[in-house]
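Engineer: give me the fold of what follows.
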Amino acid sequence: MTPTIRVFSSPEELAWNAAERFVQAAEDAIVSTGRFAVALSGGSTPQKLFRLLATEFASKVPWHKTHILFADERCVPPDHADSNFGMACREMLDHVPIDYARVHRMKGELDPAEAAQQYDDLLREQFPRGLDLVLLGIGEDGHTASLFPGTAALHEKQRLCVANHVPQKDTWRLTLTAPYINSAFDVIVLASGASKAPAVANALERAVSVDKCPIRLVAPSTGRLICMMDVQAAGMDEIAYD
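Structural biologist: From the prediction side, this is the model:
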């Protein structure tokens, strides 16, 4: 799949345009299916997006028909500082009119295998055709969600969610698998900052293997892949306008 690549002049412009795309995805999904199901990711780049969705864009999101899921989670309790769910609550969910019955967190406090199985069951029961939108980031090592270089989850074909041991961080993570991510209608990858430029370049280089750059696994089967980044992540000094 050839991604749509959009480059913005600053992290703020990136976040604003991502918020606009989020709202449009929600509107399209509700017209099509009557609900909007989106998976969130953690990290610093989504924080700016979440803050906009909780403020300037809050009235534009149909929260009463929105289901929030997660692309991955650290194996920590929900109130832990490292929890992706916790960050999403602090930056967005606690400030918008969403029913927490429609917020489906990965239970990082459980045994990783048990937590992954519970989330796999949830996806098969409630979202078997895939999600409307998956928001992803990209790490400096090319990982996305918790699909890290050289880890077992990269080769998973049947499961929708797995517990993935990450030797680089000496920890377990919970993550959606590539096949389930790729079943989404829209996948948006956000990248910000010069430190991400080498990973972005590798992601677009056909010769780089998925074991070395896992984000290369992201290729929606029937949906759209949109890569949104600022000029620093794109390896540019500025955008040239006509």
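Engineer: where exactly do the helices run in this structure?
Structural biologist: Taking DSSP state H as the test, the helices found in the chain are 11-33, 44-54, 84-91, 112-126, 178-181, 197-203.
Engineer: between those helices, which one is closest to Val103.
Structural biologist: Using C-beta to C-beta as the measure, helix 84-91 is the one of these that comes nearest Val103, at 8.0 Å. (Glycine included, C-beta is placed from N, CA and C.)
Engineer: pLDDT averaged over the closest one, what's the number?
Structural biologist: Averaged over helix 84-91, pLDDT sits at 98.
Engineer: same for that helix, what does it pack against?
Structural biologist: Applying 3 or more C-beta pairs under 8 Å, 6 or more residues apart in numbering; DSSP states H and E, one finds that helix 84-91 makes contact with helix 44-54, strand 66-70, strand 72-74.
Engineer: tell me how far the last one lies from the chain's centre.
Structural biologist: Right, strand 72-74. 11 Å (C-alpha atoms, centre = their mean, to the nearest Å).
Engineer: check the first one too.
Structural biologist: Between the mean C-alpha point of helix 44-54 and the mean C-alpha point of its chain there is a distance of 12 Å (C-alpha atoms, centre = their mean).
Engineer: just the angle between it and helix 84-91, please?
Structural biologist: Angle, helix 44-54 to helix 84-91, by axes from the mean of the first three to the mean of the last three C-alpha atoms, to 10 degrees: 40 degrees.
Engineer: from what I can see Asn164 touches Phe148, true?
Structural biologist: Yes - counting by C-beta atoms under 8 Å, Phe148 is a contact partner of Asn164 at 7.1 Å.
Engineer: any low-confidence regions in this protein?
Structural biologist: Along the chain, segments meeting pLDDT under 70 span 1, 237-242.
Engineer: can you put the helices of the chain in CSV and add mean neighbour count and distance to Ser221?
Structural biologist: As requested, these are exported to CSV (neighbours: other C-beta atoms under 10 Å; distance: least, C-beta to C-beta, whole Å):
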stretch, mean neighbour count, distance to Ser221
helix 11-33, 17, 17
helix 44-54, 20, 24
helix 84-91, 21, 25
helix 112-126, 16, 16
helix 178-181, 22, 8
helix 197-203, 19, 18
